[in-house]
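Engineer: Give me the fold of what follows.
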Amino acid sequence: MDKLISIIVPIYNAEKHLNKCLKSILAQTYKNFELILINDGSTDASKELCEDYARQDDRIKLFNQENKGVLSARLRGIKEVKGSFIGWVDADDWIEKEYFENLIQLQMSTGADIIAATHFHDIGNDHLIVKNSLKSGIYCPINILDQILYTGRFFEYGITPHLVSKLFKTDLLKHICAIDDNIIAGDDAAILYPTILEAETICVTELCGYHYIQHPQSITKKTYSNEIDRIDLLINYLSAQFAKKNVLNIMQKQLTAYRNYLLALRQIEVFDQNNHNDVILMPYGGIHKGEKVIIYGAGVLGQKIYQYLKREEKVSVEDWVDKNYELYRTRGFSVNPPEKILDKLSYIDYIIIANITETIAESIKSFLVEMDVPATKIRWFTKEFRGC
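Structural biologist: Below you'll find the predicted structure:
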């Protein structure tokens, strides 16, 4: 329990949340850590806040660079660490006080090269625990490659890509510093999955102490015109890494499903490019021109679908609902409570479940059926799209 942990925090314009983040790290019950702050060209007061903290605690080391993106900041952090282990915290999140003590205790008791924990996803009044689909235990990576990225339930990772819920032996990460830092989509995955191939053992655990915060100002997701290029840059990189280890044949189907997942989440309209003009949303089985729908879900996917359908004007969006409607209204979205579905149930054709995760989509479907919504009116991703 005397091992030095290097905690890397990439920072870009995070002044509103940085205090809470850094205080939660400095309050850790495990004291033997260095805090590596990578200021990625912030234009707000983040740099000054970091400097103030660094003057107060000599465990803090601040590195400034021009804005190059979060992957570049993560890789810079890896180059600067001195510890035996590396952990991660994002600048707008916070951790419970025993988080790193629990992680290092588990590492000491198992000897695992990577500890893969869980984390809280806090949005409004919801506090969802994001778990790995693989059961708790010690694994040799080669024995779980067929489900490490995609389990077959869309889209549920065998091991989630989030670096913030992982603890790594530092030596494992030193080999990945040559990653193309132009990778933007899936930067966590670009680091994690090739690193797993370098590990002898990985410990999957339900230990939880990290709070990923979906802040109101971050719930609007920007779309880029080159999303396909961004995603394919990641997929091609992962394919090359898997090929080097002679496991691409095992990973290929998982990568295809992963690409579909990322495209659906970021630019779902690409799946309609080669379809008949009177049909839209092919991942949902196709909605015909003139049909009436309600969108259930105002998160990233819900926003993309709502904007797409409104822009195309082929189908009529009769309502947009989410149980966290109050939060989304603070950002100017016209979102209503789910109970409003009943007012329009008699004349709508479909309710589109705008959630990317199969388990959550199933729970939404059950909720709708309990509201006496006919199952034939509920649409989610088809088996063909999911690769089932």
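Engineer: Could you give me the buried positions within stretch 309-325?
Structural biologist: By 16 or more other CB atoms under 10 Å, the buried positions in stretch 309-325 come out as 309, 314-315, 317-325. (C-beta placed from N, C-alpha, C; glycine too.)
Engineer: Going by residue numbers, what spans are helices in the stretch 251-388 of the chain?
Structural biologist: For the stretch 251-388 of the chain, applying DSSP state H, counting those that start in this stretch gives helices covering 300-312, 325-329, 341-344, 358-370, 383-386.
Engineer: domain parsing for the protein?
Structural biologist: 5-223, 275-386 (automatic domain parsing).
Engineer: follow-up on the earlier one: of all the helices of the stretch 251-388 of the chain, which one is nearest Y261?
Structural biologist: Nearest to Y261 among the helices of the stretch 251-388 of the chain is helix 383-386 (8.9 Å), distances taken as CB to CB.
Engineer: just to revisit the earlier point, make TSV out of the helices of the stretch 251-388 of the chain and add mean pLDDT and distance to T43.
Structural biologist: Listed next are those as TSV, based on pLDDT from 0 to 100; distance: least, CB to CB, whole Å:
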stretch	mean pLDDT	distance to T43
helix 300-312	95	25
helix 325-329	91	27
helix 341-344	97	43
helix 358-370	97	36
helix 383-386	93	40
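Engineer: how about those in a markdown table, adding distance to D180?
Structural biologist: Putting the helices of the stretch 251-388 of the chain into a markdown table (distance: least, CB to CB, whole Å) gives the following:
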| stretch | distance to D180 |
| --- | --- |
| helix 300-312 | 24 |
| helix 325-329 | 35 |
| helix 341-344 | 45 |
| helix 358-370 | 31 |
| helix 383-386 | 29 |
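Engineer: closest to E96 out of the ones you listed?
Structural biologist: Comparing the helices of the stretch 251-388 of the chain by CB to CB, helix 325-329 comes nearest, at 22.9 Å.
Engineer: And that closest one, how far out from the chain middle?
Structural biologist: 21 Å (CA atoms, centre = their mean, to the nearest Å).
Engineer: Show me what counts as buried in that helix.
Structural biologist: The neighbour-count check on helix 325-329 (16+ other CB under 10 Å) flags 325, 327-328 as buried.
Engineer: what do you get for stretch 325-341?
Structural biologist: Neighbour-count burial for stretch 325-341, with 16+ other CB under 10 Å as criterion, is recorded at 325, 327-328, 333, 335-336, 338, 340-341.
Engineer: can you list those residues in CSV and add distance to I213?
Structural biologist: Output for the buried residues of stretch 325-341, formatted as CSV (distance: CB to CB, whole Å):
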residue, distance to I213
Y325, 19
L327, 12
Y328, 16
F333, 19
V335, 20
N336, 24
P338, 23
K340, 27
I341, 29
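Engineer: Would you check which pair of those residues lies furthest apart?
Structural biologist: L327 and I341 (18.8 Å).
Engineer: residue ranges with poor pLDDT in this structure?
Structural biologist: 177, 216-225, 388 (pLDDT under 70).
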